[in-house]
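A.B. asks: just a sequence and a predicted model for now, questions to come.
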Number of protein chains: 2
Amino acid sequence: AVIAIPAKFVPGVMEEIVKKGVEACLIISAGFSEVGKEGEKLEREVSRIARRGKVRIVGPNSLGIINVAKNLNITFFEGEIQKGGIAFFSQSGALGVGILDSSKIRNIGLSLFCSVGNMVDVSFPELIEFANSHEDTKVISLYVEALKKGRKFLKACKDSGKKVIFLKGGRTSKGMEACKTHTASISSDYSIYRGALRQVNVEVVETLEDLFNLSKIYENFDELGKSVCIVTNAGGLGVLASDACDKYGLEVVELPGEVRKELNKCLPPHWSKSNPIDVIGDADARRFERVFDTLAKYNFFDVLLCLLTPQAMTQPIETAKALIKFKERTGKPCFTCFLGGEKVREAIKLLEENCIINFEEPEDFARLFQWK
Amino acid sequence: AVIAIPAKFVPGVMEEIVKKGVEACLIISAGFSEVGKEGEKLEREVSRIARRGKVRIVGPNSLGIINVAKNLNITFFEGEIQKGGIAFFSQSGALGVGILDSSKIRNIGLSLFCSVGNMVDVSFPELIEFANSHEDTKVISLYVEALKKGRKFLKACKDSGKKVIFLKGGRTSKGMEACKTHTASISSDYSIYRGALRQVNVEVVETLEDLFNLSKIYENFDELGKSVCIVTNAGGLGVLASDACDKYGLEVVELPGEVRKELNKCLPPHWSKSNPIDVIGDADARRFERVFDTLAKYNFFDVLLCLLTPQAMTQPIETAKALIKFKERTGKPCFTCFLGGEKVREAIKLLEENCIINFEEPEDFARLFQWK
């Protein structure tokens, strides 16, 4: 059952639901514990009726539930949602709406969405268990302000066969104050959360950008190594990428002598001779491709990062195709930073359709490894 | 004069230029010190001829110069560039191209662009001086790998009436190695740079995103205070904003009693009663407007941050208009995070046309204050 009537009528409806033998219901109605004493009383009443009648509840004050793969949308949100393998469970429904609406432009492919609301019954542990048995879901992303069942939550994460990524609202004293007025929840010390979660293999991030970028990575890969080979047609981007890798503990691995020798044959004489492999600004797609072909023969790095800006001779789409070919041939994780606007738009679309994540700048890629 | 012929012919052309009494020239040709010993020799020769003949040089190995306001484009870059008040001078031409091409989608309004190339003559100090007397320029953004004239540079920054924002490539040991192969420049210890630059009031950032977001702020404001009032229709975003402000030293200022009292009159009974002002998810533009009208009467904060996600009752465009009205009426700096895709696209465009910067998430706003 789905309940979306004024709060004061909810207990009555719950009684009927129990009589009819309904097993589960979603309460979208607001006006419960989040509005104060009166609401708390109502919420306790609803909860009591449900427990007695063995009805499971999502909510109240939930924005609703979406099964993206099945086109089942029980929310007030209308609009197209990008399909994919990320289950997103949020303690803020409003935040959820923002993510749903931006799923297309941010290329966040979702499988499930649930706004948990006041969590009188179903909360994060049950949702994690459900997501684990949900075929379309590859990774679980959470926005949490406070957990109601800490132990159960940690156990669910520990038992989860799918990676859990965790963004905590209320990490600072000001944030905690805001939590209190928002979800009436008292959030504990952030460092305690972080420590406990890392022990059960949960990745803890601090921004929405990192939450979904890391989710995209785990949607595609179980684990990533930390040695990176960088190929770039823009020296400056290569420098910034090296800085970012160094800052966040990624290794810009040295080129083996034989690789360097072979690259000498397919690159202009003044190429960088080292990693980052600077193919020089006048590189066409064919030159990139020859570099990829060479790299495909050796196994000295974990991750390929390809950087490109649209210069006079650059062929963004053809270069993207060459990279996709490399990825399919080698199975190596590939990431890109095609920095530009109109001139790289189609190429980025092609990359993302082929599960190559494009970052706005190298730092956005490297930063994700600080959580690992 | 503009020179874009193979390197080996450049000295000959320079001789002719001197004879003709030309005062300045841009050398786009590559193949000088960046390619090794032979190129270095050529570069010294060109430099000698120019000095003797009193010809000023930009380059060689420069991507070129753009005066955006005057539609003067002496580069190989073709495409539309967003006009504005930011002068961008880059030691990486290729990086510059990426920024030029993305200027529209990132809403980076440029006034001048110069790719400095190998800097045999004109380098950053001269460009800063020029930008200072350039009417359309409000702020100066730099991508630098190594300075050739440190003292002169610091003096130019110190004397600059316009804010200088500085992104250094080669901050880490790996980044420095990459610099060496890229611009053949040996970049000094980053902490020395940072310390010296801060003394002359330069803002030092570490990502392209921060470089241009901070540039946009200084394009519009001389200085910003650090006390923030947050208005949101999404509790979770308010929590994340509070966390981010706390993390980076912004003050989420307490609401004065009389403000709270007055807000009680125009908000639902269960509004947050504190800063962040949570106007509740069902707020229409009129409710936002009443809050703005109340805030306009008091002077207890420096900066207004308005957060919005597109929920069922939300009116993004009308809310944007109300905020623009508030800004015009009070002159207060306003920033937004309208989190969404299609449903907020037009509203964000309207905000940015009215010099209200929209951030992808609250952290992107707050982080800029760590540099201040």
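C.D. replies: Sure, I can see it.
A.B. asks: list the helices and strands the lowest-mean-pLDDT helix or strand in chain A packs on?
C.D. replies: Here the helix or strand of chain A ranked lowest by mean pLDDT, DSSP states H and E is helix A:173-183, holding a mean of 84. Where contact means 3 or more C-beta pairs under 8 Å, 6 or more residues apart in numbering or on different chains; DSSP states H and E, helix A:173-183 is packed against helix B:235-247. C-betas here are computed from N, CA, C, even on glycine.
A.B. asks: now do the helix or strand following the helix it packs on: everything it contacts.
C.D. replies: Later in the chain than helix B:235-247, the nearest helix or strand by DSSP states H and E is strand B:251-252. With contact meaning C-beta atoms under 8 Å, 6 or more residues apart in numbering or on different chains, strand B:251-252 is reached by A:Lys174, A:Ala178, B:Lys226, B:Ser227, B:Val228, B:Ile230, B:Ala241, B:Ser242, B:Cys245, B:Asp246, B:Asn275, B:Pro276.
A.B. asks: the same query, at a cut-off of 10 Å, please.
C.D. replies: Defining contact as C-beta atoms under 10 Å, 6 or more residues apart in numbering or on different chains, one finds that strand B:251-252 is touched by A:172-175, A:177-178, B:225-230, B:238, B:241-246, B:274-276, B:301-303, B:305.
A.B. asks: quick check: buried residues in the least confident helix or strand of chain A?
C.D. replies: For helix A:173-183, the neighbour count (16 or more other C-beta atoms under 10 Å in any protein chain shown) marks A:Lys174, A:Gly175, A:Met176, A:Glu177, A:Ala178, A:Cys179, A:Lys180, A:Thr181, A:His182, A:Thr183 as buried.
A.B. asks: identify the farthest-apart pair in these.
C.D. replies: A:Lys174 and A:Thr183 (15.5 Å; C-beta to C-beta).
A.B. asks: residues touching the closest residue to chain B within the stretch 151-300 of chain A, list them.
C.D. replies: With C-beta to the nearest C-beta as the measure, A:Gly236 is the residue of the stretch 151-300 of chain A nearest to chain B, at 2.4 Å. Applying C-beta under 10 Å, 6+ apart to A:Gly236 gives the contacts A:278, A:307, A:309, A:339, B:90-96, B:98, B:115, B:143-145, B:167, B:169-170, B:178-179, B:182-183, B:208.
A.B. asks: find me whatever residue is spatially closest to it, sequence neighbours aside.
C.D. replies: Nearest residue to A:Gly236 in three dimensions, chain neighbours excluded: B:Ser92, at 2.4 Å (C-beta to C-beta, 6 or more residues apart in numbering or on different chains).
A.B. asks: again, but for A:Ile348
C.D. replies: A:Asn358 (4.7 Å).
A.B. asks: before we move on, the earlier item: go ahead and confirm the residue nearest to A:Gly236 touches A:Asn233.
C.D. replies: No - using C-beta atoms under 10 Å as the test, B:Ser92 is too far from A:Asn233 to be in contact (11.2 Å).
A.B. asks: which residues do these two both contact?
C.D. replies: What both B:Ser92 and A:Asn233 touch, as defined by C-beta under 10 Å, 6+ apart, is the set A:Gly281, A:Thr309.
A.B. asks: thinking again about what came up before, what's the following helix or strand after the least confident helix or strand of chain A?
C.D. replies: Defined by DSSP H and E, the subsequent element after helix A:173-183 is helix A:190-199.
A.B. asks: what strands line up against the next helix or strand after that next one, and which way round?
C.D. replies: Following helix A:190-199 in sequence order, the next helix or strand is strand A:203-205 (DSSP H and E). Strand A:203-205 has the following sheet partners, assigned by DSSP bridges: strand A:163-168 (parallel).
A.B. asks: for A:Phe369, give me its contacts.
C.D. replies: By C-beta under 10 Å, 6+ apart, the residues touching A:Phe369 are A:Leu214, A:Ile217, A:Leu224, A:Lys226, A:Val228, A:Ala244, A:Cys245, A:Lys247, A:Tyr248, A:Gly249, A:Leu250, A:Val303.
A.B. asks: what sits against the second one?
C.D. replies: Translated: A:Ile217. Counted by C-beta under 10 Å, 6+ apart, A:Ile217 has contacts A:139, A:163, A:165, A:203, A:223-224, A:333, A:335, A:357, A:365, A:368-369, A:372.
A.B. asks: dump the residues you listed into JSON lines; add secondary structure and pLDDT as well.
C.D. replies: Listed next are those as JSON lines, based on DSSP: H, G, I helix; E, B strand; the rest coil; pLDDT from 0 to 100:
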{"residue": "A:Val139", "secondary structure": "strand", "pLDDT": "98"}
{"residue": "A:Lys163", "secondary structure": "strand", "pLDDT": "97"}
{"residue": "A:Ile165", "secondary structure": "strand", "pLDDT": "97"}
{"residue": "A:Glu203", "secondary structure": "strand", "pLDDT": "95"}
{"residue": "A:Glu223", "secondary structure": "coil", "pLDDT": "86"}
{"residue": "A:Leu224", "secondary structure": "coil", "pLDDT": "91"}
{"residue": "A:Pro333", "secondary structure": "coil", "pLDDT": "96"}
{"residue": "A:Phe335", "secondary structure": "strand", "pLDDT": "98"}
{"residue": "A:Ile357", "secondary structure": "strand", "pLDDT": "96"}
{"residue": "A:Phe365", "secondary structure": "helix", "pLDDT": "97"}
{"residue": "A:Leu368", "secondary structure": "helix", "pLDDT": "93"}
{"residue": "A:Phe369", "secondary structure": "helix", "pLDDT": "90"}
{"residue": "A:Lys372", "secondary structure": "coil", "pLDDT": "66"}
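A.B. asks: from the residues you listed, which would you call buried?
C.D. replies: Buried, going by 16+ other C-beta under 10 Å: A:Val139, A:Lys163, A:Ile165, A:Glu203, A:Leu224, A:Pro333, A:Phe335, A:Ile357, A:Phe365, A:Leu368, A:Phe369, out of the contacts of A:Ile217.
A.B. asks: wait, the fifth one sits on A:Ile357?
C.D. replies: Looking back up the chat, that one is A:Leu224. No - in this structure A:Leu224 lies outside contact range of A:Ile357 using C-beta under 10 Å: 11.4 Å.
A.B. asks: and for those two, which residues touch both?
C.D. replies: What both A:Leu224 and A:Ile357 touch, as defined by C-beta under 10 Å, 6+ apart, is the set A:Ile217, A:Pro333, A:Phe335, A:Leu368.
A.B. asks: can you pull out the low-pLDDT segments for the stretch 1-150 of chain A?
C.D. replies: Counting by pLDDT under 70, not a single residue of the stretch 1-150 of chain A qualifies.
A.B. asks: for stretch A:265-274, list every residue counted as buried.
C.D. replies: Buried residues in stretch A:265-274, counted by 16+ other C-beta under 10 Å: A:Cys266, A:Leu267, A:Trp271, A:Ser272, A:Ser274.
A.B. asks: hang on, the fourth one packs against A:Val291?
C.D. replies: No - A:Ser272 is not in contact with A:Val291 according to C-beta under 10 Å; the separation is 11.3 Å.
A.B. asks: tell me how chain A divides into domains.
C.D. replies: Structural domains annotated on chain A: A:2-58, A:64-220, A:227-371, as defined by automatic domain parsing.
A.B. asks: which one of those lies nearest to B:Gly85?
C.D. replies: Per C-beta to C-beta, nearest to B:Gly85 of the domains of chain A: domain A:227-371, 19.3 Å.
A.B. asks: and the pLDDT at the spatially closest residue to A:Gln315 that is not a sequence neighbour?
C.D. replies: In space, A:Gln315 comes closest to A:Ala285 once its chain neighbours are excluded; the distance is 4.1 Å by C-beta to C-beta, 6+ apart. pLDDT, A:Ala285: 98.
A.B. asks: okay, now A:Ala285: neighbour count?
C.D. replies: A count of nearby residues for A:Ala285, using other C-beta atoms under 10 Å in any protein chain shown, gives 18.
A.B. asks: over to A:Glu361?
C.D. replies: By other C-beta under 10 Å, 21 other residues sit near A:Glu361.
A.B. asks: neighbouring contacts of stretch A:123-130?
C.D. replies: A:56, A:58, A:65, A:87, A:89, A:91, A:112, A:114, A:116-117, A:119, A:122, A:134, A:137, A:140, A:142, A:144, A:147-157, A:159-160, A:162, A:164, A:166, A:202.
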